[in-house]
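Chemist: Everything below, folded, please.
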Amino acid sequence: MFGSLIRRKPGMTLDQGDPAFDSTTFSLSTTVPRPLERRGDDRVLPTLCIVKLSSDRGDQLMRARNVSAGGMMCEVGREVSVGDKVEIEFNSQKIPSTVIWTRDTTAGFKFDADIDLGEMLAGRKPRHGFRARPPRLDVQCKANVRVGKTYYNCDVHDISLGGMKIEPIEEYCLGKQVVVVVESLRPIKGEVRWFNERKAGIVFDDPLTFEELAEWVGKRLELATLKAAYKR
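Modeler: So this is what the prediction gives:
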């Protein structure tokens, strides 16, 4: 599943001149978007929105291709099934939804209740002191964090394309440049932006790509499945 998402099949041609290929399209319709759908009232953003999906099968990040007031079409990293009850985190809001169709690495999600898309899009810009943050995946793994010449062996609590939360670490690290090494990920440079009770938030200088994080999550799931099978 991850391989087909990360490496498109030979022979597939993509119209690089079509901005909808690499941008999220928004529609004022209340119907759930489907493949190859275009509407006259669409509004296109310059980059793809990354949203978080939570279900009984765990969490994953998805790329939103088309969003309407009634649902969205997304690229998924892990398989979902028609009828699955899920929760989609979009612009820091959590939307109960249902999977109503799947095709290859894409799926259609119907919101349990139509959303105010204008209000949702307005939330993309800072207002009244509120800034929507990128969706984060709850994880439990280890990371080596280098601060100057000092190394910390830390627990990772969550990770997003742009940063992670770790502990334990010391308060003097606040504002320091760091290098984070997590198994199966490239070394990541960043800065400690906040500190509280030995927990810290690191913002990456060079954010992870969707493909990098999806592949990393896939490897962790495969390893967990193998360990579970071995214990039986």
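
Chemist: Give the residue spans of this protein that score low on pLDDT.
Modeler: Along the chain, the parts satisfying pLDDT under 70 run over 1-29, 36-48, 118-134, 221-232.

Chemist: How is it partitioned into domains?
Modeler: Listed by automatic domain parsing, the domain ranges of the chain are 2-122, 137-210.

Chemist: Which of these sits closest to G218?
Modeler: With respect to G218, and counting by Cβ to Cβ, the nearest of these is domain 2-122 at 3.8 Å. For the C-beta atoms, the positions are set from N, CA and C on the backbone; glycine is no exception.

Chemist: Which parts of this structure are helices?
Modeler: 2-6, 117-122, 210-231 (DSSP state H).

Chemist: is it true that K142 touches L185?
Modeler: No - applying Cβ atoms under 8 Å, one finds K142 not in contact with L185, separated by 11.7 Å.

Chemist: Compare those two (neighbour count), which wins?
Modeler: Between K142 and L185, L185 has the larger neighbour count (other Cβ atoms under 10 Å), namely 17 against 12.

Chemist: Could you pull up the contacting residues of the nearest residue to that one once chain neighbours are set aside?
Modeler: The spatially closest residue to L185, leaving aside those adjacent along the chain, is W216, at 5.5 Å (Cβ to Cβ, 6 or more residues apart in numbering). W216 makes contacts with V182, S184, L185, as judged by Cβ atoms under 8 Å, 6 or more residues apart in numbering.

Chemist: Out of those, flag the one nearest to T31.
Modeler: Set against T31, the nearest of those by Cβ to Cβ is L185 (38.6 Å).

Chemist: what's near enough to touch the closest one?
Modeler: L185 neighbours (Cβ under 8 Å, 6+ apart): L208, E212, W216.

Chemist: Name the residues linked to the residue lying closest to I202 once chain neighbours are set aside by a beta bridge.
Modeler: Nearest non-adjacent residue to I202, counting by Cβ to Cβ, 6+ apart: G190, 4.5 Å away. Beta-bridge partners recorded for G190 (DSSP bridges): V178, F204.

Chemist: which residues touch G190?
Modeler: G163, Q177, V178, V179, V180, I202, V203, F204, D205.

Chemist: Scan those residues and report the most crowded one.
Modeler: Top of those by neighbour count (other Cβ under 10 Å): I202, with 27 neighbours.
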